[in-house]
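Chemist: Got a sequence here, can you model it:
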Amino acid sequence: MIETTVKVQNRAGIHARPSAILVKAIMPFKSDIYFEKDDERINAKSIMGLLTLGASYGSELKVIAEGPDEADAIATIKKCFDSKFEEE
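Modeler: The predicted structure is shown next:
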């Protein structure tokens, strides 16, 4: 199991478009992947789950991945957040 923290860097936060980009990027991974914010844990492969987190600009999310490709999954998630979901 790998845990890390990512920060929402795009000004609009995690809305429908970034959620879709993120889910599309991590769906192929076999690992179980979760995001946590304010004691709420959601399945990272769920667009609706991501939207319910209310992750606005500057929010920090804990990422938890467990499975055979967990390191690659975490790297992909970090890449999405670091690129600001290609919005800026």
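
Chemist: Quick check: closest non-adjacent residue to residue 11.
Modeler: Taking C-beta to C-beta, 6 or more residues apart in numbering, and ignoring the residues beside it in sequence, residue 11 has residue 57 as its nearest neighbour in space, at 5.2 Å. C-beta here means a position set from N, CA and C on the backbone, and glycine is covered the same way.

Chemist: quick one, what contacts that neighbour?
Modeler: Contacts here follow C-beta atoms under 8 Å, 6 or more residues apart in numbering; on that basis residue 57 touches 8, 9, 10, 11, 12, 13.

Chemist: Show me the two of the residues you listed that sit farthest apart.
Modeler: Of all pairs drawn from the contacts of residue 57, the one with the longest distance (C-beta to C-beta) is 9 and 12, at 10.7 Å.

Chemist: ok, residues contacting the helix or strand harbouring residue 20?
Modeler: Under the assignment given by DSSP states H and E, the secondary-structure element containing residue 20 is helix 16-26. With contact meaning C-beta under 8 Å, 6+ apart, helix 16-26 is reached by 10, 12, 14, 33, 44-47, 50-51, 73, 76-77, 79-80, 85-87.
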